[in-house]
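S.K.: Make a model of this:
(chains A and B)
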Amino acid sequence: MFAYIVRRLLWAVLLLIVLSMVTFSIFYLIPRLAGASPETLAARYVGRAATPETVHLTAERLGLLDPVPVQYWNWIKGVFTGAEYDYGAGVETCPAPCFGYSFITRQAVWPELLDRAPVTISLVVGASLIWLIAGVTVGVISALRRGTVFDRGAMGVALAGVSLPIFFTGLVALAFFSYRLGITAPGGQFVPFSENPALWAYSLLLPWITLSFLFAAQYARLTRAGMLETMSEDYIRTARAKGLAERKVILKHALRGALTPVVTIFGLDVGLLLGGAVLTEKTFSLNGLGKYGYDAIVQGDLPKILGVTLVAGFFVIIANLIVDLLYGVIDPRVRLE
Amino acid sequence: MTTSALRDLVTRHPGQPDKEPFLEVVDLRVHFPTDDGLVKSVDGLSFALDRGRTLGIVGESGSGKSVTSLAIMGLHTRPASEQKRPGAQLSGEIYLEGDELLGKTPEYVRGLRGKRMAMIFQDPLSAMNPYYTVGHQIIEAYRIHNPVNKKVARQHAIDMLGRVGIPEPSRRVDAYPHQFSGGMRQRAMIAMALSCDPELLIADEPTTALDVTVQAQILDLIRDLQSEFNSAVVLITHDLGVVAELADDVLVMYAGRAVEYGSADLLFNRPAHPYTWGLLGSIPRFDRTQTERLLAIQGTPPSLINVPPGCPFHPRCDYATRNEGRSEEVRPELTPVEPGHTVACHLSQTDREEIWQQEIVPKL
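M.R.: Okay, here's the model as predicted:
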């Protein structure tokens, strides 16, 4: 088991390196292959009236004149040893881990990512707990009351939940709950948990509910399907034949088998969202990783985009690793000897 | 026919006609409403069983054997108003030591399940929860009905595993079902069923999923444990060989009804129903030359939605023509052919003996 974890961790590191190469290529190599010169890339980061000399100088300062592998090497070196940047207004040191330095705001990317991460983590942790509990509960009840009004109603709402985009549900929820009824915080607020937990929860309540609505729907359908399958297993009959109370038959024996796919999807969803819940953060004006990445793309700020993409990839890889390890805990049949 | 008359028809253990049987099933009917019509899985079944005795219920797939056992255990889903899918419709009476079960609340019957009556299922791999250790599942069964702490229950589980012949029980108790072999799993299943010393044990095809050498071991085990616990055993199988091995009484089922019922000795020595003859004729024999064909029963089991009128077996019966068309119109009732042996067939006593002696015996 230990050897397996070490092996998986080594693979995760390798995957991260490949991911950084691919991401780097997308933003630095592909434009070059498509015919853009270092100067055209650099032109975006100087004033509109800049002379060709200024542009050339900027391209040189940004390192865009170097061959792409050298650029990559300098970048990856910065991650481990830190780097120094000279964008014309004096030398800036960017301590390790240096994930680059914004071409536009002249800020190091890594501290900004650290700054934004709590917002996204708060949003995702809260929402994921809500959707997991709500989705699984609704799914179980739906499966047990298949064909009833509750089941049909819940599955109808679930269909709406997976179909409606968050920028629609989010705006409607904001307009109704925050502005008409005034019972939830309007968008753009974030109070760190360490400062005031109650206010933290209050400010995030509506984003949590909106985001979890989208996911709870999927979880309810998944749980329902899983429960319908496990409830017809022979071992459920055995559990009943022992004289076990029906509630325990359902919660202990049936739900256990139905949860395996739910846990898998849950890990991957949380991993994916931790890299930035772009639409939710944008809709509710939360300054998380998703909005950071969105703004960076709008501005074409390559180091920021690269940084956010890598963080998102990191979370997905880690989530996959955790899910794979959890499999052994959940299902003894896949446990490694 | 009134219930009391039906009860009189039920064969009592010879020599003790007045003693109340431990398990008594009277005119049991289990019907399932479906979109295609009413499936009459069990349609008027009666039998009785004493402690320490084994009743073998034999029949083809779909003859209602398993449905009967689930009805005794109270494991059928009853129709619930909030559910669109209707469950089973049960009628008749099931007495466990004089206690009528069908009229009791599900909660009352649940209290009996596992404690006074337990069940062994056909496929021990799918019948055990793959997510919990074997020990956990035995401990769970024991602790439902016995208020003991986990340590005591665990020791009991280890003892039970040892008693059913699992080597190194204190180590194997923590193994998962998939880490056991088929025979070991069935032993563990039996250990689980017997963990609360049930007085009634229902074994539903306990050896069907096992290979032949393991089959014999499991049957021996059931026999030994039965004599040890003095429990009543209902053995459900399609294999007459298994019945011959274990059963004191035999009930042959066809299309949800009993067609022949009696002590195993009488039934095997002088079977009286053409369907039983067919079952006996279809047992492969190793001491015969392979050129002889098995005496298979022609046709297929009837639809339980449209059970043939009259004798349900008549479309497949070679001798249905011998009773002036009564098989097509009149449903035969179980009637005694000799003490302790009843049969539901229109053949006359003389016809039956003649066919048995002249046509069936030479071919067996």
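S.K.: Please name the strands paired to the helix or strand hosting B:Glu260 in the sheet, noting orientation.
M.R.: B:Glu260 is part of strand B:257-263 when elements are defined by DSSP states H and E. Taking DSSP bridges as the criterion, strand B:257-263 forms sheet pairs with strand B:249-254 (antiparallel), strand B:341-343 (antiparallel).
S.K.: Past that strand, which element shows up next along the chain?
M.R.: helix B:264-269.
S.K.: circling back: of the strands paired with strand B:257-263, flag the one that's most buried.
M.R.: strand B:249-254 (a mean of 26; mean count of other C-beta atoms under 10 Å in any protein chain shown). For the C-beta atoms, the positions are set from N, CA and C on the backbone; glycine is no exception.
S.K.: now what about that one, what contacts it?
M.R.: Applying C-beta atoms under 8 Å, 6 or more residues apart in numbering or on different chains, the set of residues contacting strand B:249-254 from outside is B:11, B:45, B:47, B:49, B:53-60, B:63-65, B:68, B:243, B:258-264, B:267-268, B:273, B:275-276, B:279, B:301, B:312-313.
S.K.: Which ones among those lie within helices?
M.R.: In helices, judged by DSSP state H, the following of the contacts of strand B:249-254 are found: B:Lys65, B:Thr68, B:Val243, B:Ala264, B:Leu267, B:Phe268, B:Tyr275, B:Thr276, B:Leu279.
S.K.: How many residues are close by A:Val311?
M.R.: 24 (other C-beta atoms under 10 Å in any protein chain shown).
S.K.: Which residues are in contact with it?
M.R.: Counted by C-beta under 8 Å, 6+ apart, A:Val311 has contacts A:Leu113, A:Ala117, A:Gly275, A:Gly276, A:Leu289.
S.K.: Let's verify the most centrally placed residue in chain B: helix, strand, or coil?
M.R.: For chain B, B:Ile236 is the residue whose C-alpha lies nearest the centre (C-alpha atoms, centre = their mean; 2.9 Å). Here B:Ile236 is recorded as strand under DSSP: H, G, I helix; E, B strand; the rest coil.
S.K.: so what's it bridging to?
M.R.: B:Ile57, B:Asp204.
S.K.: close enough to count as contact, it and B:Leu201?
M.R.: No. Using C-beta atoms under 8 Å as the test, B:Ile236 is too far from B:Leu201 to be in contact (11.2 Å).
S.K.: Now the common contact residues for these two.
M.R.: Between them, B:Ile236 and B:Leu201 share no contacting residue, judged by C-beta under 8 Å, 6+ apart.
S.K.: residue boundaries of the helices in the stretch 51-200 of chain B?
M.R.: Applying DSSP state H, counting those that start in this stretch to the stretch 51-200 of chain B gives helices spanning B:65-73, B:106-112, B:124-127, B:134-145, B:150-163, B:169-172, B:182-193.
S.K.: could I get those helices as TSV with mean neighbour count and mean pLDDT?
M.R.: Listed next are those as TSV, based on neighbours: other C-beta atoms under 10 Å in any protein chain shown; pLDDT from 0 to 100:
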stretch	mean neighbour count	mean pLDDT
helix B:65-73	24	92
helix B:106-112	15	91
helix B:124-127	21	88
helix B:134-145	24	94
helix B:150-163	18	93
helix B:169-172	16	93
helix B:182-193	25	90
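S.K.: Present the ones you listed as a markdown table; the columns should include distance to B:Asp249.
M.R.: A markdown table is the format used below for these (distance: least, C-beta to C-beta, whole Å):
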| stretch | distance to B:Asp249 |
| --- | --- |
| helix B:65-73 | 14 |
| helix B:106-112 | 23 |
| helix B:124-127 | 26 |
| helix B:134-145 | 28 |
| helix B:150-163 | 26 |
| helix B:169-172 | 34 |
| helix B:182-193 | 21 |
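S.K.: so which of these gets nearest A:Val172?
M.R.: helix B:106-112 (45.3 Å; C-beta to C-beta).
S.K.: any bit of that closest one sitting next to chain A?
M.R.: Yes. Helix B:106-112 lies within reach of chain A by C-beta under 8 Å from any C-beta of the partner chain, at B:Arg110, B:Gly111, B:Leu112.
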